[in-house]
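K.L.:
Could you work out the structure for the sequence below:
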Amino acid sequence: MKGAFFLGNREFEVRDMEKRPLAADEVRIRVMACGVCGTDVHIYHGEAGSAEVTPPVVLGHEYAGIVEEVGADVKGLVPGDHVAVDPNIYCGACTPCRDGKKQFCEHLQALGVTRDGGFAQYSAAPAAQCFKLAPELPFEIRYKEIHGPEETFEMDGYRLKAFRVNHNVLCYGYTIEIDRAGRFDATRAKKQGIPLKLWNPLQKGQTMEFEGKIYTPDMVLGPARRGLKLTYTTDTRPTKSIVENAAGSDLFICEGMYGEPDKEKKAVEYKHMTFKEAGRLAKEAEVKELWLTHYSPSLTRPEEFMDSVRNIFPNAWPGKDGKSVDLTFEED
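P.N.:
Numbering: from 1, shown residues only. The predicted model follows:
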């Protein structure tokens, strides 16, 4: 197999690599996609990564692929599983790890930083760092360039809108919406003499031709119903664009860099947000639920500052790894 090795001093080299034997707790992944992170760029220019880099090493810590082989002790993963890789390997034994501050781990290892990572055809990774993906999700990455302060993209039944926010560098927030068609009206269909076999495709939004006549969905569907909407934004100060685009969202995921009251000036200086500011945005946009994320590394217990947010917007929650929710259409 081949891998792109970082040699130091802004130099890469593609080399042949041997597939080393797996440890009992590892899996071998056929890499299908790997991103280039800002950390990779910093390392390339001789700056620090998340841990000390000792060339030669295969960079690439944001990657996904297909499990090809599993170690003897691996449970829960089998060949053929699609996985995404969490690169950060914490020791779990040092004082910060034991205190719940693993981001300050004194013995941090990282795939694609201190260990060979995803800029290769195959990667060996601890099974504990691998998270299953739905197999129907494509690995292909399609890039859409944004040209202005706002832009909307339609794809596969989803509407994605990017809107500019306010950070030290150019950043965007995003809304994802799923529209919901109106209810099928069988009485109208019967009155218009629409053949029964056309009802289902018309209900699904298809225009049909039958015996020389054209039948369209609007002939049998009522007014559009409320769909689903999610808004996500980080790396920004509060902006009018966030309120306008988040309005009515079922879920609003917003940065809360600082929960501590004495960090307000720092939030302004570095163009981030406090918990309270995120709560005010959620209230003004009249969203249903707020999740805070994108914490400062110094903020190890965000739940301690949630009362200040809930005094402004009660349905607010601290985000954490693995947090999930099912968004469902409203009952008619």
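K.L.:
Tell me who's in contact with the spatially most central residue of the chain.
P.N.:
With distances taken as Cα atoms, centre = their mean, the residue of the chain nearest its centroid is Tyr232 (9.1 Å). Shown in contact with Tyr232 (Cβ atoms under 8 Å, 6 or more residues apart in numbering): Gly173, Tyr174, Thr175, Ile176, Ile253, Cys254. For every residue, glycine as well, the C-beta is placed using N, CA and C.
K.L.:
Quick check on these: which are buried?
P.N.:
For these, a burial check counting by 16 or more other Cβ atoms under 10 Å picks out Gly173, Tyr174, Thr175, Ile253, Cys254.
K.L.:
Surely the fourth one forms part of a strand?
P.N.:
Yes: checked against DSSP: H, G, I helix; E, B strand; the rest coil, Ile253 lies within a strand.
K.L.:
So for it, what's the pLDDT?
P.N.:
Looking at Ile253, its pLDDT reads 98.
K.L.:
How are the strands of the stretch 51-200 of the chain distributed by residue range?
P.N.:
Ranges of strands in the stretch 51-200 of the chain, per DSSP state E, counting those that start in this stretch, are 57-58, 62-70, 82-85, 88-89, 109-110, 122-126, 130-132, 150-155, 158-164, 172-180.
K.L.:
would you put the C-alpha positions of stretch 284-291 in CSV?
P.N.:
Once non-C-alpha atoms are left out, stretch 284-291 reads as follows in CSV (Å, rounded to 0.1, in the frame of the first residue of the first chain):
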residue,chain,number,x,y,z
GLU,A,284,-35.0,36.0,19.9
ALA,A,285,-35.2,33.3,17.1
GLU,A,286,-38.0,31.5,19.0
VAL,A,287,-36.3,28.1,18.4
LYS,A,288,-37.6,24.9,20.1
GLU,A,289,-34.4,23.6,21.6
LEU,A,290,-30.8,24.9,22.1
TRP,A,291,-27.7,22.9,22.3
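K.L.:
What residues of it count as buried?
P.N.:
Glu284, Ala285, Val287, Glu289, Leu290, Trp291.
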